[in-house]
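In: Pasting the sequence and the predicted coordinates here, then a few questions.
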Amino acid sequence: MERKKFIGDCLFHTVLIAVVLVLDQITKLWARNTLPGAPIVVWKDVFSFRLIYNTGASFGIFQNKTMALTVFSIIGMLAIAAFYFWLPKEKKMRPMRLTLAMILAGGIGNIIDRIMLGKVTDMISFDLINFPVFNVADIGVTCGAIVMCILWIFYYKDEDFNKWKKSNS
């Protein structure tokens, strides 16, 4: 991939990260200001907005471990950012970079909450399946991770990364 296209991708992903972060922070602010009294039921027993504060990680694990989760998350986001720039600059790696940008956007969004509030604001609730309450940042991380797994299973081959290993040795 030529340098101009790589720089263009980086700019696009930076804008994407910024948009997801802004949307995440606006929805969290809305939830903190609107939902403390009672949830907003959009579709009875199916979908609602309800304010939940999570001092742990996904699915409520590691409750009240905010400092450790913050440090771990920052290290994880730095590793993902390094991987983003370390990947071969080939066109074939563009989808991988996009998934990494989505994961970064979500991870940074939740890090902001942990640093500013000591907990993560969640508000989207699928009541029909009793799924954990989540937020826009969680959507970025989850969608990015799912697409990344699909890419690793069905799109990328060992050779794609073997070339990369040899060029970085």
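Out: Yep, that arrived.
In: Per-residue pLDDT of Leu51, please?
Out: pLDDT recorded at Leu51 is 97.
In: For it, grab the count of nearby residues.
Out: Neighbourhood size, Leu51 [other C-beta atoms under 10 Å]: 20. In this view, the C-beta of every residue, glycine as well, is placed from N, C-alpha and C.
In: How about the one 3 residues further on?
Out: Residue crowding around Asn54 was assessed by other C-beta under 10 Å; the count is 25.
In: From Val42, how far out is it?
Out: According to C-beta to C-beta, to the nearest Å, Asn54 and Val42 sit 21 Å apart.
In: and what of Phe6?
Out: For Phe6 relative to Val42 (C-beta to C-beta), the value is 42 Å.
In: So which of those two has more stuff around it?
Out: Shown here are Phe6 and Val42; by other C-beta under 10 Å, Phe6 has more neighbours (17 against 12).
In: OK, contacts around the more buried one?
Out: By C-beta atoms under 8 Å, 6 or more residues apart in numbering, the contact set of Phe6 is Lys89.
In: Show me which residues of stretch 15-34 are buried.
Out: 16-17, 20-21, 23-25, 27-28, 31 (16 or more other C-beta atoms under 10 Å).
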